[in-house]
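Peer 1: sequence? don't have it. structure:
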């Protein structure tokens, strides 16, 4: 059985958060990450995505990260991985 993706959003300051991701980031779990990042980008101008707990990331996972980065840039915000 595959371990589900664990996503934690922790506020560091009123305008800054860390999104910590653990588990495999692939076609099965990328939508969950995409949704979490959409919410975080809408709430926090500055965001760090911590992928230290991600042993595998396929192209759908990268696509979710790129989409969040694009949304952040459109709002004049910053996303760091």
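Peer 2: Arrived safely, thanks for sending. Treat the numbers as computed from the prediction; the structure is a model and nothing was measured.

Peer 1: any residues touching the helix ranked longest in the chain, and which ones?
Peer 2: If you go by DSSP state H, the chain has its longest helix at helix 59-74. Helix 59-74 is touched from outside by 25-27, 29-31, 33-34, 37-38, 40-41, 47, 49, 54, 78-79, 81, with contacts defined as C-beta atoms under 8 Å, 6 or more residues apart in numbering. (Glycine included, C-beta is placed from N, CA and C.)

Peer 1: Could I have the buried ones of these as PyMOL selection syntax?
Peer 2: To isolate the buried members of these in PyMOL, using 16 or more other C-beta atoms under 10 Å:
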select buried, resi 25+26+29+30+33+34+37+40+41+47+49+54+79
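
Peer 1: Which members of the contacts of helix 59-74 are positioned in strands?
Peer 2: Using DSSP state E, the subset of these located in strands is 47, 49, 78-79.

Peer 1: Can you redo those as a markdown table, where the extra columns are pLDDT and distance to residue 64?
Peer 2: Listed next are the ones in strands among the contacts of helix 59-74 as a markdown table, based on pLDDT from 0 to 100; distance: C-beta to C-beta, whole Å:
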| residue | pLDDT | distance to residue 64 |
| --- | --- | --- |
| 47 | 93 | 13 |
| 49 | 96 | 10 |
| 78 | 79 | 17 |
| 79 | 86 | 12 |
